[in-house]
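Quick one: sequence and predicted model below, then my questions.
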Amino acid sequence: MKKKPKLKMLPKFRNEAEEHEFWQTHDSTDYVDYSRANRIELEFDPSVEQPVKLISIRIPRDMLNKLKMMATKRDVPYQSLIKMILAEKLAHG
């Protein structure tokens with residue numbers, strides 16, 4: 001059986017920014033034994049409306065192809081580009 005390495009002690013952090021900086025350069029598995037963690041089940045309140053709504057719209061093929069080409073040039077997913085264009089139009093009336 002493989003022996004588990006000894007866990008390191010977590011330092012005391014003066015603030016959240018210091019803790020954030022620490023975790024950017026350290027591996028949590030050196031400090032936490034995840035094999036002993038308890039699993040929890042999360043339940044979401046079905047009465048709370050989700051912030052996004054899935055819709056289906058019909059778009060002419062040519063228009064969709066142009067949107068996909070624009071999205072590729074901007075290196076963004078085409079659905080994200082559509083949302084960006086809609087948001088911009090809504091902001092400017």
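That came in fine, so what should we check first?

Now do the contacts for F13.
Residues counted as contacts of F13 (CB atoms under 8 Å, 6 or more residues apart in numbering) are E19, F22. C-beta: built from backbone N, CA, C; applies to glycine.

Which secondary structure element is home to it?
Take DSSP states H and E as the rule and F13 turns out to sit in neither a helix nor a strand.

M70 too?
For M70, the element it lies in under DSSP H and E is helix 61-74.

And the helices in this structure, which stretches?
Per DSSP state H, the chain carries helices over the ranges 16-25, 61-74, 78-92.

so the last one versus helix 61-74, what angle?
What it means is helix 78-92. Between helix 78-92 and helix 61-74, the angle comes out at 90 degrees (axes from the mean of the first three to the mean of the last three CA atoms, to 10 degrees).

which residues sit against helix 78-92?
By CB under 8 Å, 6+ apart, helix 78-92 touches L64, L67, K68, M70, A71, T72, R74, V76.

roughly how far apart are the closest residue to the second one other than its chain neighbours and A87?
Nearest residue to L67, sequence neighbours excluded (CB to CB, 6 or more residues apart in numbering): Y78, at 5.2 Å. Summarising the geometry, the distance separating Y78 from A87, computed by CB to CB, to the nearest Å, is 15 Å.

These two: which is more packed in?
More neighbours surround Y78 than the other of Y78 and A87, with 17 against 10 (other CB atoms under 10 Å).

Roughly how far does that one sit from L90?
Applying CB to CB to Y78 and L90 gives a distance of 19 Å.

circling back: just the buried residues of the contacts of helix 78-92.
L67, A71 (16 or more other CB atoms under 10 Å).
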